[in-house]
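Asks: just need the structure, nothing else, for what follows:
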Amino acid sequence: MESGGTDGMHFRNAGIPTWAVSGVFQDPDEMFAHGLNERVPIASFYGALEHWSIILRELAGN
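Replies: The predicted model follows:
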């Protein structure tokens, strides 16, 4: 759901405004993105599910 360099750049280059929203909230010291030990803490995973559930329901109009 995040529009990082690999996704959002194509839309931005085409002049389409692009925003990023992350559902994963965690301590910066526990971020292991793009490495051999890439992982997300369990609490962050379940928090992200709740986060996206709320956002999608709001956007869909309940």
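
Asks: mind listing the strands for the protein?
Replies: Using DSSP state E, no strands are found in the chain.

Asks: and the residue most central in space within it, how far from G15?
Replies: Geometric centre of the chain, nearest residue: S22, 2.9 Å, by Cα atoms, centre = their mean. Distance, S22 to G15, using Cβ to Cβ, to the nearest Å: 24 Å. Backbone N, C-alpha and C define where each C-beta goes, glycine included.

Asks: and for E30?
Replies: 37 Å.

Asks: please apply the same query to E50.
Replies: 34 Å.

Asks: re the thing from before, need phi/psi at the residue nearest to the centre of the chain.
Replies: phi -110, psi 140 (degrees, to the nearest 10).

Asks: returning to what we had before: more neighbours: E30 and G15, which one.
Replies: The neighbour count for E30 versus G15, taken as other Cβ atoms under 10 Å, is higher for E30 (10 against 6).

Asks: neighbours around the closest residue to the more buried one other than its chain neighbours, how many?
Replies: Among residues not flanking E30 along the chain, P41 sits closest, at 6.0 Å (Cβ to Cβ, 6 or more residues apart in numbering). P41 has 15 neighbours, counted by other Cβ under 10 Å.
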